[in-house]
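# predicted model and sequence follow; I will ask about them next.
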Amino acid sequence: MRVDVVTAFQQAGATTIAADADQLAPTLYHADEQVLVPRVDDPTYIPALAEIVRERDVRLVIPLTDIDSVLLAQHRDELGAPLLLPDTDIVVKTADKYEAHTLFEEHGIPSPPSWLPGDVPEDARFPLLVKSRYGYGSRNIYRAEDRRQLDFFLGYTPVESFVQTCCLGEEFSIDVLCDFEGRCLNAIPRTMILSKGGESIQGRTIKDAELIEAARRVAESLPLKGPATIQVFREDGEHRVTDVNPRFGGAFPLPLAAGGNYPELVLALAAGERPEPTLGEFREGVVMTRFYSSLALEPQTVSS
């Protein structure tokens, strides 16, 4: 679905090769080259990617979803090209939302109190959220107003979950980009005007020095490498991190339109260059409103 990322890298001067298991994946028909690969759960998935890298002299592998990030990170040495992801342990821990919380605490990053289901204290402040440990897109999240609801939702949810204090402040997303050394090159905060199903639909860039600095601290203390979206709640003068997704976020068009130049910076990193950080250099007040689009494919154009 990430046509926006593929076309942005084309416009930045890259030759793009889209790989997907679905022959109707829209990105296939916007890239310079298209290739079908096995499903992520197929043992030949990594070898298939490595063959593409070798045959087409690929210089950088960029995951566009959470589906294969952990697998790619664990097999990065087999790909034959640099992988735009943080070190493997960071990818693995941020994929598990409870482990991510403990990771934040280990690095002194404020995060809402969180517990495994059997460890919720009697004096925990409600409302509490029952959240999937491996969820994305706000799936399988339930808000419990009291202990009775908490017990119900813990029994009702179909996935492995944890419990987190519900933040009552304002939520922000911050799109960051780090180099392969873990230096934060830029951090672009945006408001959450409207979201649906966990996807940001409308937002506005804001130049908030505290948010930019909070994101830089998170990015460099973990550290992150490549792009990431950091979810933050501002509450009681503190910036509490609830999630870090080490990939280009769904609202990627907004930091792009605001002048973040992330594709150009990524290509510079792939070429062995060392761009200097430009924290705070973007346009404030740029608004994004997303919409659905479509492709009509003639029979001879469908990838096979």
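Received, thanks. Residues are numbered from 1 along each chain as shown.

# so what pairs up with the residue nearest the centre of the chain in the strands?
By C-alpha atoms, centre = their mean, the mean C-alpha position of the chain lies nearest to residue 245, the distance being 3.1 Å. The bridge-partner assignment for residue 245, based on DSSP bridges, gives residue 229.

# which stretches of the chain form strands?
Along the chain, the stretches classed as strands by DSSP state E are 17-20, 33-36, 114-115, 128-132, 141-144, 161-165, 170-178, 184-191, 194-196, 199-204, 226-235, 238-245, 287-289.

# next, the buried residues of the last one.
Put plainly, it is strand 287-289. Buried residues in strand 287-289, counted by 16 or more other C-beta atoms under 10 Å: residue 288. For glycine as for every other residue, the C-beta is placed from the backbone atoms N, C-alpha and C.

# lowest-confidence stretch among the strands of the chain?
Among these, strand 194-196 has the lowest mean pLDDT, at a mean of 85.

# buried residues in it, which are they?
Buried residues in strand 194-196, defined by neighbour count with 16+ other C-beta under 10 Å: residue 195.

# quick one: strands adjacent to that strand?
Counting by DSSP bridges, strand 194-196 is paired with strand 199-204 (antiparallel).

# tell me what angle the strand it pairs with forms with strand 226-235.
Angle of strand 199-204 versus strand 226-235, following axes from the mean of the first three to the mean of the last three C-alpha atoms, to 10 degrees, is 70 degrees.

# in this structure the residue nearest to the centre of the chain contacts residue 227, no?
No - between residue 245 and residue 227 there is no contact under C-beta atoms under 8 Å: 9.1 Å.

# can you list contacts of the helix or strand of the chain with the lowest mean pLDDT?
The helix or strand of the chain with the poorest confidence is strand 194-196; it has a mean of 85 (mean pLDDT, DSSP states H and E). Around strand 194-196, the neighbours that count as contacts under C-beta atoms under 8 Å, 6 or more residues apart in numbering are 138, 200-203.

# hang on, the earlier thing: and among the strands of the chain, the most buried is which?
Mean neighbour count, computed with mean count of other C-beta atoms under 10 Å, is highest for strand 184-191 among those, reaching a mean of 25.

# gap between it and the chain center?
Here the centre of strand 184-191 is set off from its chain's centre by 13 Å, with C-alpha atoms, centre = their mean, to the nearest Å.

# ok, now stretch 188-201?
13 Å.

# helices of the chain, start to end?
3-11, 45-56, 69-74, 76-79, 88-95, 97-106, 147-156, 209-221, 253-257, 262-270 (DSSP state H).

# closest to residue 122 out of the ones you listed?
For residue 122, the closest of the helices of the chain is helix 147-156, at 8.4 Å, according to C-beta to C-beta.

# ok and the closest one relative to strand 161-165, angle-wise?
Using the same axes, to 10 degrees: helix 147-156 against strand 161-165 is 150 degrees.

# and helix 147-156, what does it pack against?
Secondary-structure packing of helix 147-156 (3 or more C-beta pairs under 8 Å, 6 or more residues apart in numbering; DSSP states H and E): strand 128-132, strand 141-144, strand 161-165.

# need the nearest residue in space to residue 174, chain neighbours excluded.
residue 215 (4.1 Å; C-beta to C-beta, 6 or more residues apart in numbering).

# for that neighbour, give me its contacts.
Taking C-beta under 8 Å, 6+ apart, we find residue 215 in contact with 174, 176, 184, 187, 189, 230, 232.

# now the first one, which residues is it bridged with?
I take that to be residue 174. Bridge pairing for residue 174 - DSSP bridges - gives residue 189, residue 230.

# that one: what's it in contact with?
With contact set as C-beta under 8 Å, 6+ apart, residue 174 has these partners: 187-190, 211-212, 214-215, 229-230, 232.

# which one is residue 225 nearest to, not counting chain neighbours?
residue 86 (4.5 Å).

# pretty sure that neighbour sits against residue 224.
Yes - counting by C-beta under 8 Å, residue 86 does reach residue 224; the two are 5.1 Å apart.

# what do those two both touch?
Between them, residue 86 and residue 224 share the contacting residues residue 246, judged by C-beta under 8 Å, 6+ apart.

# how about the strands of the chain, which one is nearest residue 257?
strand 287-289 (6.8 Å).
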